[in-house]
Every structure is written in C-alpha cells, then in structure tokens.
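My questions concern the predicted model and sequence given below.
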Amino acid sequence: MKGKGENRNISLLNNYIDWVSILNKLETLFLFLITIIIITILLSSDGLLSFIFVALMIIVAVFLHKKMKKRKRIIKDKNYIRDRLLYFIRAQGLFEEDVREYEERNNQGNWKKVREKYISNSTIFSYKQTDKNLIIYAHKQADNFTRKLSELEEALRALFDLDIEQVINRNTVVEYHMLIAQPERLDLSTNEIEPVDSLEINLGYGVKYNPVKTPHALIAGGTGSGKSILTSVFILELLKRNVNIFICDPKNSDLGSLSHYIGDKKVATTPNNIARVVRHAVTEMNERYKYMNENFKYGSNFVDHGYNSIWLVFDEMGAFQASGTDKKSKEVVNEVMDGLKQIILLGRQSGVFVLVSAQQMNANTLKTDLRDNLGLRVALGSNSSEGYRMVFGSATPDTFPPIETKGAGLIYMQGSGKEKAQYWESPFVDMEKFDFIAELQKYL
Ligand SMILES: Nc1ncnc2c1ncn2[C@@H]1O[C@H](COP(=O)(O)OP(=O)(O)OP(=O)(O)O)[C@@H](O)[C@H]1O
Ligand SMILES: [Mg+2]
C-alpha cells in the first residue's frame, strides 16, 4: 500500500509556511475589522436596520471563527507527524548551528557588523503512514549524527506513543516501523473455528506459521509463563491438520495425560519410552528419505509424495537432560539428543518436525547451531537479556518491551521479513470456558 508522506524530507533546513499562524493573524484582522464596523454603526445611527446589521456582523464573526478553527485543526492534523519530527530534531539536538556575519546600515547610515545564528546542518527524516504502520526513516548523511540515528528507538516511542515493531538499519537510512493498530490476540474460547485448508497455523497477533517454510519450533519461558498452554494450542492446531503427533513429557505433567486419548505408543513420559518414540520418528524420517530419493522429483517435498507431517512435541527438554545422572541414563539422553539433532537438521523435506519447550535455555540444552535451525522461536514471560539471547541469538532485539500479560512474550520467525524478535501474545485460552480434551477429541 502506498502511504502518506512518503519521500518528503523533513529537516530544519527547509522553510515551512506556518499556515496556522497566518490564519491566526488573518482571523485577528477580520475580527478587528468587524469590531470597527460594529462600533461605527452603533455610533452613527440607532435604528432597527443598524441593530439587524450588528447582529449579522456578530453571526459572521462567529461563523468565521468556527470555520477558521476547523481549518486550523485540519492543517495541524495533516502536518502532525512532520511537526512532531521537527520538534524531535530540536529536542534531540539533531542539528548544528553556526554564526554568520554580515554588514548592515543602521539608522545613522553607518555600516555595522551583524552576527546571526543560523542552522547549518540538520538530520533529515521522512515517513510513510499506512492503516497499520507508521514508518519513520532517519536518513544517514555520514555526519556527526549518523551513529545516533540508530539509537532513537526509545525517544521515538515516546514522541508518538507507539510501539516499535522493528528497526532496520540500512546503509543510508534507519527505518523505525511503528505499530498504529495493535494486532489482535487470538481468543480460543470465543473465536470461530477457522476452516483448515492449509498447513499454515494462525497463531494470532499477526503471526501465521507455516512449518514447511519455517520448520521446527522452540518455546522457552520460566515456570508459569504459558509454555504448556501454548504447546497444547499447537497440538490442537496440528491435530486439526491430521498431523501424526508424538509427545514426550519427561515431567509427566499435562501433556503426559494425553496418552489416554492419543495412545500410549505416541505419548512417552519415561526416558526409555522417550528414546523409543524419538527412534521411531527418526526411522520414519529415514524411510521417507529413502522413498523420496528412489522416486526423485526435483524440488518436491513430503506433501508431493502424499505424506502427512509428523510432529515430535518435546516438553521440558531441560528436565529430560537433567535426568541423565548415571552412565546408563546419560546414554539414553545422548541417544535422544542425537535423534532430535537429526530431525532438526534433516526433517523438513520429509515432513518430520520437532517442537521443543524448555524452561531455561542454555548452550547445554541446545547447541546454538541447532537452535538456529528452529525456525519459530518464542520466549514467553519476562526474561533477562541473556535469557533472550539464548533463545534468539542474533535476532535478539536491542531493547525489550515490558511483558505484563500472561502468555505474552517475544516471537521470532525465520523468513518472516522481521529481523528481530517481536512482542507477541499467545492465543488466549480461558480455562473456564475452554475444554481442551473435548476439543482434542473432535480431531482424533
Ligand atoms: N495463553 C494463555 N491464555 C490464558 N492463560 C494463560 C495463557 N498462558 C498462560 N496462562 C496462565 O498461566 C498459567 C501457567 O501456564 P502454563 O502452565 O502453560 O505455564 P508453563 O510455562 O507450562 O509452566 P511450568 O513451567 O510450570 O510448566 C496458566 O494456568 C494460565 O492461568
Ligand atoms: Mg508446563
């Protein structure tokens, strides 16, 4: 969508006509004239006609005042962003002043030197406005201010009272993408069930997730941050799409109880069973690979070969790794981790995906190269900057929005065009109204 204000450079070096003060002056002049006319009429005669004339004048004055007020409002609205940015350049000191000297003849006819301050340099902004976004462009001119232009996030947030969705630092311009319309959180208890006609999953808040484009997912967050709820939502969405689901729940909490519905072959809670399930997924992946290689079709994936997706949902990876205390259990942990690694690196083409959740992410939970292969990454709840870095790596934003809502956090999706993790609210699930098991059974 082409927006308003595009390509118009805003800087203190431009001269802007101040229409509002011109209108103010005009209005004052008109009112003054009308007053003079009224006084003249009142002084010169006192008939009915002059009374009507005075009344008429007053009506004209009021009408004029209203019209002017409206016009000024329109001008102010139209120039709002420009004027805020001009204020911003001054308030942030993003300009330079110099002094120039020139000679002027004074009243006595003598030449006199005059020193005058003027603005010699100013940063240049421009903007683009659509229904959803306001993008502020800070143009780099390789001058003193260039570095500062990439550090305006907090100040711009305050200037417009808008959240910043992303900052893109290009060679010659820094783009601040601000959100005008807040994306809406999905509410599973009230939302109509959307027809499922593709693998794409609507995660709400403007995020649509397609596993084929962005394979594998990671959900991180402290205790009580909403990992299990989000994982459940995910499972439900996958079941709607006829996905073959395997669940590993080493803490044997909510997800473990799904074995009653999905079958205990597909739900594992003990280390040995978890190893068996992961082995099964890896074997399936390898068989698919073999078949697909034998029936090679250039650029094809599992869908073209008639396969459904397989998802391995692994809750609380950290807890599982911690269970490897002696030699034997360590072997099991290693085997499982090795299987997960193979799926993460090779699963996409054959349609085998993993979703991992973990309380604490660190280099031991998942090596960074593996983490970077998890296309969708969510960090729920408030985290320390190191915590975020462990989840998002180079996609960690420079500043973190406050997270005050249950189930909210940051999300990053590879290939979405957003370079850094964004604020996001996971689908809202009202536990009083929403019967997860009943929903689940609809799709089994
Ligand atoms: N999307 C959501 N919608 C509504 N409530 C939520 C949501 N996410 C979290 N909550 C609230 O937070 C509580 C904790 O959520 P959840 O059990 O998913 O956290 P967790 O991260 O799995 O915690 P733990 O580490 O203890 O397993 C829920 O019982 C619910 O009250
Ligand atoms: Mg949990």
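Good, I have the coordinates. Ligands and ions are numbered 1, 2, ... in the order given.

And for whichever strand or helix holds Trp311, what's in contact with it?
For Trp311, the element it lies in under DSSP states H and E is strand 310-314. Identification of contacts with strand 310-314 by Cβ atoms under 8 Å, 6 or more residues apart in numbering yields 211, 231, 234-235, 238, 243-248, 255, 277-278, 281, 284-285, 320, 340, 343, 351-357. For every residue, glycine as well, the C-beta is placed using N, CA and C.

So what are the sheet partners of it and their directions?
Sheet pairing of strand 310-314 (DSSP bridges) gives strand 244-248 (parallel), strand 352-358 (parallel).

right, so the ones you listed: which one is the most enclosed?
strand 352-358 (a mean of 26; mean count of other Cβ atoms under 10 Å).

Show me what it is in contact with.
211, 215-220, 227-228, 231, 234, 281, 284-285, 288, 309-318, 340, 343-344, 347, 365-366, 374.

Please flag which of these sit within helices.
Among these, the residues falling in helices (DSSP state H) are 227-228, 231, 234, 281, 284-285, 288, 317-318, 340, 343-344, 347.

Looking at these, state which has the most neighbours.
Gly347 (27 neighbours; other Cβ atoms under 10 Å).

From what I see, that residue and Glu284 are in contact.
No: contact criterion Cβ atoms under 8 Å: Gly347 and Glu284 do not qualify, at 10.0 Å.

if you average pLDDT over stretch 291-306, what comes out?
Mean pLDDT, computed over stretch 291-306, is 87.

longest helix of this protein?
From DSSP H, the single longest helix across the chain is helix 48-78.

other SSEs contacting it?
Packing contacts for helix 48-78, counted by 3 or more Cβ pairs under 8 Å, 6 or more residues apart in numbering; DSSP states H and E, involve helix 19-44.

Next, the angle from the helix it packs on to helix 48-78.
Taking axes from the mean of the first three to the mean of the last three Cα atoms, to 10 degrees, one finds helix 19-44 and helix 48-78 inclined to each other by 170 degrees.

any idea of the mean pLDDT for helix 19-44?
Per-residue scores along helix 19-44 average to 91.

Show me which positions of that helix end up buried.
20, 23, 27, 34, 38, 41 (16 or more other Cβ atoms under 10 Å).

List the contacts of the residue of the stretch 201-350 of the chain found nearest ligand 2.
Of all residues in the stretch 201-350 of the chain, Ser228 sits closest to ligand 2, at 3.2 Å by Cβ to the ion. Each residue near Ser228 by Cβ under 8 Å, 6+ apart is listed here: 253-255, 315, 357.

now do Ile403
381-382, 409-410, 423.

What pLDDT is listed against the nearest residue to Leu380 once chain neighbours are set aside?
Spatial nearest neighbour of Leu380, chain neighbours left out: Gly221 (3.2 Å); criterion: Cβ to Cβ, 6 or more residues apart in numbering. For Gly221, the model assigns a pLDDT of 95.

number of nearby residues for Gly221?
With other Cβ under 10 Å as criterion, Gly221 counts 28.

give me every residue that touches it.
Gly221 sits next to 227, 359, 378-381, 383, 409 when contact means Cβ under 8 Å, 6+ apart.

same question, Met337
Contact analysis of Met337 by Cβ under 8 Å, 6+ apart lists Gln321.

what about the strands in the stretch 251-400 of the chain?
267-268, 310-314, 352-358, 376-380 (DSSP state E, counting those that start in this stretch).

Could you dump those strands into a markdown table with mean pLDDT added?
Formatted as a markdown table, the strands of the stretch 251-400 of the chain follow (pLDDT from 0 to 100):
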| stretch | mean pLDDT |
| --- | --- |
| strand 267-268 | 94 |
| strand 310-314 | 96 |
| strand 352-358 | 95 |
| strand 376-380 | 97 |
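
what's the closest of the ones you listed to ligand 1?
strand 376-380 (6.4 Å; Cβ to the nearest ligand atom).

mind checking how far the closest one is from the chain centre?
Here the centre of strand 376-380 is set off from its chain's centre by 13 Å, with Cα atoms, centre = their mean, to the nearest Å.

and that strand, is it in reach of ligand 2?
No: Strand 376-380 lies apart from ligand 2 when judged by Cβ under 5 Å from the ion; the minimum separation is 10.3 Å.

With just CA atoms, put that strand into PDB.
Extracted in PDB, the C-alpha atoms of strand 376-380 (Å, rounded to 0.1, in the frame of the first residue of the first chain):
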ATOM      1  CA  LEU A 376      10.000 -20.500  15.000                       C
ATOM      2  CA  ARG A 377      11.200 -19.300  18.400                       C
ATOM      3  CA  VAL A 378       9.100 -18.000  21.300                       C
ATOM      4  CA  ALA A 379      10.300 -16.700  24.700                       C
ATOM      5  CA  LEU A 380       7.300 -16.400  27.000                       C
END
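
For that strand, name the packing helices and strands.
Judged by 3+ Cβ pairs under 8 Å, 6+ apart, strand 376-380 is in contact with strand 217-221, helix 227-240, helix 385-392, strand 408-413.

what about the strands in the stretch 51-200 of the chain?
Along the stretch 51-200 of the chain, counting by DSSP E, counting those that start in this stretch, strands occupy 95-105, 111-122, 124-129, 133-139, 163-169, 173-179.

Same list (the contacts of Ile403) but as CSV, adding neighbour count.
What follows is the contacts of Ile403, written out as CSV (neighbours: other Cβ atoms under 10 Å):
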residue, neighbour count
Gly381, 20
Ser382, 17
Gly409, 28
Leu410, 26
Tyr423, 21
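
In the stretch 51-200 of the chain, what residue lies closest to ligand 2?
Leu188 (17.2 Å).

that older thread, out of the helices and strands packed on strand 376-380, the one nearest Pro401 is which?
Each of the helices and strands packed on strand 376-380 has some distance to Pro401 by Cβ to Cβ; the shortest is strand 408-413, at 7.9 Å.

what lines up beside whatever helix or strand comes next after the closest one in the sheet?
Counting by DSSP H and E, the next helix or strand C-terminal to strand 408-413 is strand 422-425. When pairing is defined by DSSP bridges, strand 422-425 lines up against strand 408-413 (antiparallel).
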